[in-house]
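**Q** Sharing a sequence plus its predicted fold:
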Amino acid sequence: MRPASAALLAVLLCLVPGYAGADSPKTAAAPPDPFERWKTSFVRRWGRREVPRSFIQARLAGVTFDPRVPEIDRNQITASTTQDYPEFPKQWLASDPDRVARGKEILAQNRELIDRVEKKYRV
């Protein structure tokens, strides 16, 4: 599993409220819209990776499509055709020399939580 995929899964699974109940993807009727089809596909895909389908379904229950998400996603630096991605972090860090020190401080303050998340979600 790629680290970025695992991180995305961890975020999705942590942010969504509990499960209200749903049919398994094998018995459910075809989802009515593209986002529901994506959710069903996501459950099926991650269900093959030793993540219980019921757990994934519980985290996605009630999640609805937000049109701002694809728009924001397209603005990420890695999708840019004009920005040199390998150079961008260097410039970003150089613009605020204290940024790395603050990041290390926050990391130290949250080490226990981060260790638990890494252990639980294997990221």
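**A** Received it, and whenever you're ready, just let me know what you need. Computed from a prediction, not measured in an experiment: that's the story for all the values here. Numbering: from 1, shown residues only.
**Q** measure residue 47 to residue 39 for me?
**A** Spatial separation of residue 47 from residue 39 under the definition CB to CB, to the nearest Å is 12 Å. Any C-beta I mention is one placed from the backbone N, CA and C, and that applies to glycine too.
**Q** who's more crowded, the two?
**A** Taking neighbours as other CB atoms under 10 Å, residue 47 and residue 39 compare with residue 39 leading, 21 against 17.
**Q** What pLDDT does the model give the more buried one?
**A** pLDDT, residue 39: 91.
**Q** Residue 43 against residue 57, yeah?
**A** Yes: shown here, residue 43 and residue 57 form a contact pair, counting by CB atoms under 8 Å, at 5.7 Å.
**Q** Let me have the helix or strand containing residue 106 in CSV, keeping just the CA atoms, if that works.
**A** In this structure, residue 106 sits in helix 98-109 according to DSSP states H and E. Taking C-alpha atoms only, helix 98-109 is exported to CSV below (Å, rounded to 0.1, in the frame of the first residue of the first chain):
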residue,chain,number,x,y,z
ASP,A,98,11.2,29.0,11.8
ARG,A,99,8.7,26.7,10.1
VAL,A,100,10.8,23.5,10.5
ALA,A,101,11.5,24.3,14.2
ARG,A,102,7.8,24.8,14.9
GLY,A,103,6.9,21.6,13.0
LYS,A,104,9.4,19.6,15.1
GLU,A,105,8.0,21.2,18.3
ILE,A,106,4.4,20.3,17.3
LEU,A,107,5.6,16.8,16.4
ALA,A,108,7.2,16.3,19.8
GLN,A,109,4.1,17.6,21.6
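**Q** which other helices and strands contact that helix?
**A** Counting by 3 or more CB pairs under 8 Å, 6 or more residues apart in numbering; DSSP states H and E, the packing neighbours recorded for helix 98-109 are helix 88-94.
**Q** Sweet, I'm off.
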